[in-house]
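Asks: Requesting a structural model of the entry that follows:
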Amino acid sequence: MNVIKAIELVGSSPNSFEDAVKHAIEEAKKTLRHIRRVEVMDFEVLLENDEIKMYQARIKLFFMVERD
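Replies: Numbers count the residues shown, from 1 in each chain. Predicted coordinates for the structure are as follows:
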């Protein structure tokens, strides 16, 4: 039987929400293996001087727990 662990991450991008999600996944892939699913939970925009400064996406990432 497999065990799946879930963690929450926030990705950021000055370009788009899609890039923010991709950035979070790419960073997670540097230290995690066997990623199985990503759930996009929330979007936010950071403003500066009434203009969009940064797009942020909060995701829940699910991956398999490895066994020895």
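Asks: Now do the contacts for the residue at minimal distance from the centre of the chain.
Replies: The centroid of the chain falls nearest to Ala24 when counting by C-alpha atoms, centre = their mean (3.6 Å). When contacts are counted by C-beta atoms under 8 Å, 6 or more residues apart in numbering, Ala24 touches 9-11, 57, 59, 61. No exception for glycine: its C-beta is placed from N, CA and C like everyone else's.
Asks: can you confirm it is in a helix?
Replies: Yes - assessed with DSSP: H, G, I helix; E, B strand; the rest coil, Ala24 lies in a helix.
Asks: What does the pLDDT read for it?
Replies: In this prediction, Ala24 carries a pLDDT score of 98.
Asks: mind checking how far it is from Glu39?
Replies: 12 Å (C-beta to C-beta, to the nearest Å).
Asks: Need the overlap of contacts for those two.
Replies: The contact lists of Ala24 and Glu39 share 59, 61, where a contact means C-beta under 8 Å, 6+ apart.
Asks: quick one on the thing from earlier: quick check: chain neighbours aside, which residue is closest to the residue nearest to the centre of the chain?
Replies: Leaving aside its sequence neighbours, Ala24 sits nearest to Gly11 (C-beta to C-beta, 6 or more residues apart in numbering; 2.8 Å).
Asks: I figured the one you found hits Glu18, correct?
Replies: No - using C-beta atoms under 8 Å, Gly11 and Glu18 do not qualify as a contacting pair, with a distance of 10.0 Å.
Asks: Between the two, which is the more surrounded one?
Replies: Ranked by neighbour count (other C-beta atoms under 10 Å), Gly11 and Glu18 place Gly11 first, with 21 against 12.
Asks: what helix or strand is the more buried one on?
Replies: Here Gly11, judged by DSSP states H and E, is contained in strand 4-13.
Asks: and if you look at Leu47?
Replies: strand 35-48.
Asks: Can you list the buried residues in that strand?
Replies: Under the neighbour-count criterion of 16 or more other C-beta atoms under 10 Å, strand 35-48 has Val38 buried.
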